[in-house]
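> I need the structure of the sequence given here:
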Amino acid sequence: MGSALEGRHALITGGGTGIGAAAAQHLNDEGAKLSLLGRRIEPLRAVADGLAGAAVQCDVTNPERVRAAFDDARAANGPIDILIVNAGIAESAPFHKMSRESWDRIVATNLTAAFDCARAAIGDLLKSDNGRLVFVASVASLRGVPYAAHYAASKHGILGLMRSLAAEYAKTRLTVNAVCPGYVDTPMTDQSVARVSEITGRSEADSRAVITNMNASGRLVDPQAIAKVIAMLCLPHLGDINGTAIAIDGGTSA
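Residues are numbered from 1 along each chain as shown. So this is what the prediction gives:
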């Protein structure tokens with residue numbers, strides 16, 4: 001087990017599955033204390049219990065609950081040194097059929113909640129010797145996505161938020177970065193497969209192939225690879241990596 005992050009408190013939103021759970025493991029391996037936030041307490045506990053971390057139930061679209069959950073995390077593990085903003089959802093629809101309700105739901109979860117979480121932690125992050133803020137964005141932050149205008153808009157917004165904070169706090173010890181995965185082998189992609197199958201009438205296997213081939217590599221991205229990059233961005237000696245969006249997509253955005 002590493003010790004580069006020994007004693008440092010890392011809070012991860014959406015920490016019970018997929019990228020969040022993988023990031024928790026890698027940050028734990030580097031010695032960090034963990035607080036995992038999410039809507040469903042069972043998967044959070046399953047991950048947290050294995051890593052001696054804290055599981056805190058939180059709907060990130062509720063700003064009052066965000067503030068309370070961050071206070072609960074501090075009570076368990078002290079001031080926040082590292083914040084991984086990972087919670088997010090995806091939906092798809094042709095733009096002419098896209099509802100305002102769907103738009104509001106996507107933006108509230110993917111962008112507004114990211115603002116609320118960053119605001120809830122910023123005081124701690126600026127007081128830390130090496131504060132780290134990492135947003136989990138998407139290749140949809142870097143290009144347009146047919147049938148997912150709301151999702152792409154929310155993820156473009158994440159990069160605008162990240163770059164603005166990186167510039168604003170460039171003279172401090174805080175760094176702010178983002179990772180931009182392609183389609184990842186996670187439950188969210190499973191949900192996307194189901195939506196494609198429902199919309200197009202294709203089989204699940206054909207729908208999965210369609211999504212997988214949206215990555216230039218022709219394969220889904222391993223969440224462990226993304227987690228390793230997240231953990232790397234949190235290391236104390238990498239303070240000059242700031243305001244960067246790292247694509248992890250098998251060459252799709254090349």
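
> so where do the helices sit in the stretch 1-150 of the chain?
Taking DSSP state H, counting those that start in this stretch to define them, one finds helices in the stretch 1-150 of the chain at 18-29, 41-50, 63-77, 100-107, 113-127, 149-168.

> for Leu83, find the nearest of the ones you listed.
Taking Cβ to Cβ, helix 113-127 is the member of those nearest to Leu83, at 4.5 Å. (C-beta placed from N, C-alpha, C; glycine too.)

> buried stuff in that closest one?
113-118, 120-122, 124-125 (16 or more other Cβ atoms under 10 Å).

> isn't Ala178 up against Met162?
Yes. Ala178 lies in contact with Met162 (Cβ atoms under 8 Å); the separation is 4.7 Å.

> common neighbours of those two, please.
Here Ala178 and Met162 have 135, 137, 245 as joint contacts, going by Cβ atoms under 8 Å, 6 or more residues apart in numbering.

> quick check on those: which are buried?
Among the shared contacts of Ala178 and Met162, those classed as buried by 16+ other Cβ under 10 Å are 135, 137, 245.

> using CSV, lay out the helices of the stretch 1-150 of the chain together with mean pLDDT and distance to Ala90.
Listed next are the helices of the stretch 1-150 of the chain as CSV, based on pLDDT from 0 to 100; distance: least, Cβ to Cβ, whole Å:
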stretch, mean pLDDT, distance to Ala90
helix 18-29, 96, 12
helix 41-50, 96, 18
helix 63-77, 98, 21
helix 100-107, 98, 8
helix 113-127, 98, 14
helix 149-168, 98, 5
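
> right, and those - which one's nearest Lys228?
helix 18-29 (5.9 Å).

> name the helices or strands packed onto the closest one?
When contacts are defined as 3 or more Cβ pairs under 8 Å, 6 or more residues apart in numbering; DSSP states H and E, helix 18-29 sits against strand 9-13, strand 33-38, helix 41-50, strand 82-85, helix 223-233.

> and that helix, C-alpha only, in CSV?
Output in CSV follows, covering the C-alpha atoms of helix 18-29 (Å, rounded to 0.1, in the frame of the first residue of the first chain):
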residue,chain,number,x,y,z
GLY,A,18,-18.3,2.4,-11.3
ILE,A,19,-15.7,5.1,-11.5
GLY,A,20,-16.3,6.4,-8.0
ALA,A,21,-15.8,3.0,-6.4
ALA,A,22,-12.7,2.3,-8.4
ALA,A,23,-11.3,5.7,-7.4
ALA,A,24,-12.0,5.0,-3.8
GLN,A,25,-9.9,1.8,-4.0
HIS,A,26,-7.0,3.6,-5.6
LEU,A,27,-7.1,6.5,-3.2
ASN,A,28,-7.3,4.1,-0.3
ASP,A,29,-4.2,2.3,-1.7
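
> any idea how far that helix is from the chain center?
11 Å (Cα atoms, centre = their mean, to the nearest Å).

> now the farthest one out in this protein, which residue is it?
Gly201 (30.5 Å; Cα atoms, centre = their mean).

> run through who's touching the helix or strand Val176 falls within.
Using DSSP states H and E, Val176 sits in strand 175-181. Outside strand 175-181, the residues that touch it by Cβ under 8 Å, 6+ apart are 19, 130-139, 141-142, 158-159, 162, 165-166, 169, 221, 226, 229-230, 233, 238-239, 241-249, 253.

> among those, which lie within strands?
132-136, 245-248 (DSSP state E).

> show me which of those is closest to Gln57.
Nearest to Gln57 among the ones in strands among the contacts of strand 175-181 is Val136, at 19.8 Å by Cβ to Cβ.

> from Ala167, how far off is the closest residue to that closest one other than its chain neighbours?
Here the nearest residue to Val136 in space, its sequence neighbours aside, is Asn86; by Cβ to Cβ, 6 or more residues apart in numbering that works out to 4.3 Å. As judged by Cβ to Cβ, to the nearest Å, Asn86 and Ala167 stand 23 Å apart.
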